[in-house]
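[1] can't give you the sequence, but here's the structure:
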């Protein structure tokens with residue numbers, strides 16, 4: 001993928017696709033049957049981006065203190081197939097939420113998006129959405145998922161709005177037809193940044209199609225890589241703004257660049273301060289979803305009321321969390337930090353334990369979260385804290401090195417018995433990545449195709465379960481695999 005901007009070409013077609021009505025399931029079969037009939041000017045390719053967790057400082061960040069958010073190796077994957085020149089449609093398919101919709105490219109409101117007073121370019125910084133452009137998209141959302149329940153349809157329309165806003169901002173009416181198919185291994189609605197991960201995938205894919213990105217390649221200087229990453233991040237923020245209205249920008253920043261960031265917001269009329277931790281170490285993490293529904297707004301309001309009643313005491317607790325976060329930054333950025341050394345890991349783990357205790361004192365834990373801590377502590381395999389708003393949601397455990405398999409198996413059995421969902425993942429890994437073309441070159445036995453196995457839409461849609469899907473796209477549990485390339489943003 002060295003020199004992606006040179007290899008990627010424009011959005012020139014590879015494969016034909018039959019016209020279909022929205023919601024029909026025949027698209028992939030027709031896509032497959034005709035896939036090799038036309039000359040592939042632009043091959044199918046894939047983009048992926050990670051989810052995130054808050055490692056330190058949740059709730060304190062609402063009150064002007066610092067927090068750390070870091071990437072996790074659970075990721076979203078976007079498969080992009082360009083269609084032949086005669087196919088004038090763009091399709092968005094997201095099976096995880098049962099969304100499929102197709103638009104005729106020539107029917108979209110290009111004229112207003114390209115008006116001189118409205119037009120944005122790939123290098124622009126867009127900090128707010130244009131009401132006129134949002135209004136112009138609305139008629140093109142009317143037939144999205146009309147047969148779905150209102151709540152589902154609301155989610156689908158928001159996703160379609162975000163996609164069209166970025167597509168129309170970056171593309172043009174000469175854009176070739178395209179099929180964008182999205183899958184994610186990140187639990188949705190669990191506070192793990194799934195929408196930001198999707199936003200990054202869409203932004204990166206479109207910028208690649210427009211030839212506006214260079215790399216990623218191994219010899220790319222970090223400064224150049226960070227410039228490319230920032231370009232993706234800016235447009236991922238626009239996508240997120242369509243979904244959330246007024247996002248902090250933290251989730252899309254972590255998802256784009258990977259590693260971790262320190263963020264702080266002292267003035268809510270301004271964006272937060274975001275300090276990248278370019279050399280954040282990769283750490284082994286156990287992520288547990290309690291399957292307990294939670295309300296971020298409710299938990300935030302609860303802490304706000306407690307602070308109103310006991311301003312001095314709660315203020316001291318929040319100051320303690322801020323000190324914990326800053327101690328963690330100092331520790332994790334230390335030049336001698338060794339992620340495989342027991343003593344260094346124990347120091348990080350102890351800070352996580354302290355942070356969790358402070359969150360418990362604010363009343364935002366939950367019996368399901370405390371049960372995870374109890375089970376992990378019983379086996380003595382790591383340090384656990386809640387992540388995000390609390391009141392349910394997820395916990396994270398920093399795992400000790402070389403945990404005996406028998407202990408992990410016992411823990412897994414108990415978690416499964418008690419209806420938890422667990423993910424063994426990596427903290428602080430890579431940001432946005434590209435597989436160009438969407439071909440695995442790892443010599444799979446059932447390969448059958450010279451030079452590797454092409455991941456076509458049908459294979460992409462039919463891989464069942466996280467493990468099977470990750471095998472298909474050629475990545476391990478750390479989100480890395482043969483052929484995947486990432487922008488290298490480390491400082492060394």
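    Okay, I see it. Keep in mind that this is a model prediction, so the values were computed, not measured.
[2] residues near residue 417, how many?
    Neighbour count for residue 417, taken as other CB atoms under 10 Å: 8. For glycine as for every other residue, the C-beta is placed from the backbone atoms N, C-alpha and C.
[3] Also residue 227?
    Neighbours of residue 227 under the rule other CB under 10 Å: 15.
[4] So which elements touch the one helix or strand it maps to?
    Here residue 227 is covered by helix 222-244, with elements defined by DSSP states H and E. Judged by 3 or more CB pairs under 8 Å, 6 or more residues apart in numbering; DSSP states H and E, helix 222-244 is in contact with helix 150-170, helix 194-209, helix 250-257.
[5] for this structure, what's the longest strand?
    In the chain, with assignment by DSSP state E, the single longest strand is strand 67-82.
[6] residues in contact with the helix or strand following that one?
    Next in sequence after strand 67-82, counting helices and strands by DSSP H and E, comes strand 89-94. With contacts defined as CB atoms under 8 Å, 6 or more residues apart in numbering, strand 89-94 is touched by 17, 19, 27, 83, 99-105, 159-160, 163, 167, 175, 177-183, 198, 461.
[7] Can you say which of these are buried?
    Neighbour-count burial (16 or more other CB atoms under 10 Å) applied to the contacts of strand 89-94 gives 17, 27, 83, 99-103, 105, 159-160, 163, 167, 175, 177-183, 198, 461.
[8] Among these, which lie within strands?
    Those of these lying in strands (DSSP E): 99, 100, 101, 102, 103, 178, 179, 180, 181, 182, 183.
[9] Is it possible to get those residues out as JSON lines so that each row also shows distance to residue 302 and pLDDT?
    Formatted as JSON lines, these follow (distance: CB to CB, whole Å; pLDDT from 0 to 100):
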{"residue": "99", "distance to residue 302": "34", "pLDDT": "94"}
{"residue": "100", "distance to residue 302": "39", "pLDDT": "95"}
{"residue": "101", "distance to residue 302": "39", "pLDDT": "96"}
{"residue": "102", "distance to residue 302": "44", "pLDDT": "96"}
{"residue": "103", "distance to residue 302": "43", "pLDDT": "97"}
{"residue": "178", "distance to residue 302": "45", "pLDDT": "94"}
{"residue": "179", "distance to residue 302": "45", "pLDDT": "95"}
{"residue": "180", "distance to residue 302": "40", "pLDDT": "96"}
{"residue": "181", "distance to residue 302": "40", "pLDDT": "95"}
{"residue": "182", "distance to residue 302": "35", "pLDDT": "95"}
{"residue": "183", "distance to residue 302": "35", "pLDDT": "93"}
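[10] Pick out the most distant pair among the residues you listed.
    103 and 183 (20.8 Å; CB to CB).
[11] do you know how far the spatially most central residue of the chain is from residue 111?
    Geometric centre of the chain, nearest residue: residue 197, 1.9 Å, by CA atoms, centre = their mean. Look at residue 197 and residue 111: by CB to CB, to the nearest Å, they are 32 Å apart.
[12] What is the burial count for residue 313?
    For residue 313, the count of nearby residues is 12 (other CB under 10 Å).
[13] domain parsing for this structure?
    Here the domain parsing of the chain from automatic domain parsing is 4-269+431-486, 281-427.
[14] Helices of the stretch 351-492 of the chain, start to end?
    With DSSP state H, counting those that start in this stretch as the criterion, the stretch 351-492 of the chain has helices at 367-379, 405-417, 457-462, 466-473.
[15] Of those, which is nearest residue 491?
    Residue 491 lies closest, by CB to CB, to one member of those: helix 466-473, at 29.2 Å.
[16] Tell me which stretches of the stretch 301-450 of the chain form strands.
    Applying DSSP state E, counting those that start in this stretch to the stretch 301-450 of the chain gives strands spanning 382-387, 394-399, 421-427, 433-435, 439-440.
[17] Using TSV, please lay out these together with distance to residue 117, mean pLDDT and mean neighbour count.
    Output for the strands of the stretch 301-450 of the chain, formatted as TSV (distance: least, CB to CB, whole Å; pLDDT from 0 to 100; neighbours: other CB atoms under 10 Å):
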stretch	distance to residue 117	mean pLDDT	mean neighbour count
strand 382-387	43	96	26
strand 394-399	44	96	25
strand 421-427	44	92	20
strand 433-435	34	92	25
strand 439-440	43	78	20
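[18] In JSON lines, list those along with distance to residue 47.
    Below are these laid out as JSON lines (distance: least, CB to CB, whole Å):
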{"stretch": "strand 382-387", "distance to residue 47": "26"}
{"stretch": "strand 394-399", "distance to residue 47": "25"}
{"stretch": "strand 421-427", "distance to residue 47": "19"}
{"stretch": "strand 433-435", "distance to residue 47": "6"}
{"stretch": "strand 439-440", "distance to residue 47": "15"}
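[19] and residue 224, which of the ones you listed is closest to it?
    strand 433-435 (15.5 Å).
[20] contact partners of the closest one?
    Residues outside strand 433-435 that contact it (CB under 8 Å, 6+ apart): 1, 4, 45-49, 204, 208, 216, 455, 473-474, 479, 483-486.
[21] Equivalent analysis for stretch 117-127, please.
    Residues outside stretch 117-127 that contact it (CB under 8 Å, 6+ apart): 112-113, 130, 132-133, 169-170, 207, 210, 212, 231, 234-235, 237-238, 271.
[22] And for stretch 341-353?
    For stretch 341-353, contacts defined as CB under 8 Å, 6+ apart pick out 55-56, 283, 324, 327-328, 331-332, 337-339, 382-385, 396, 398, 400-401.
[23] Buried by neighbour count: which residues of that stretch qualify?
    Buried residues in stretch 341-353, counted by 16+ other CB under 10 Å: 344, 345, 347, 348, 349, 351, 352, 353.
[24] try stretch 212-221
    Under the neighbour-count criterion of 16+ other CB under 10 Å, stretch 212-221 has 212, 213, 214, 215, 216, 220 buried.
[25] Also stretch 81-92?
    By neighbour count on 16+ other CB under 10 Å, the buried set for stretch 81-92 is 81, 82, 83, 84, 87, 88, 89, 90, 91, 92.
[26] Pull the most distant pair out of those.
    Pairwise distances across the buried residues of stretch 81-92 (CB to CB) peak at 18.8 Å, for the pair 84 and 92.
[27] coming back round to it: buried stuff in the helix holding residue 227?
    225-226, 228-229, 231-243.
[28] can you check stretch 362-380 too?
    For stretch 362-380, by 16+ other CB under 10 Å, it's 362, 364, 365, 366, 368, 369, 371, 372, 373, 375, 376, 379.
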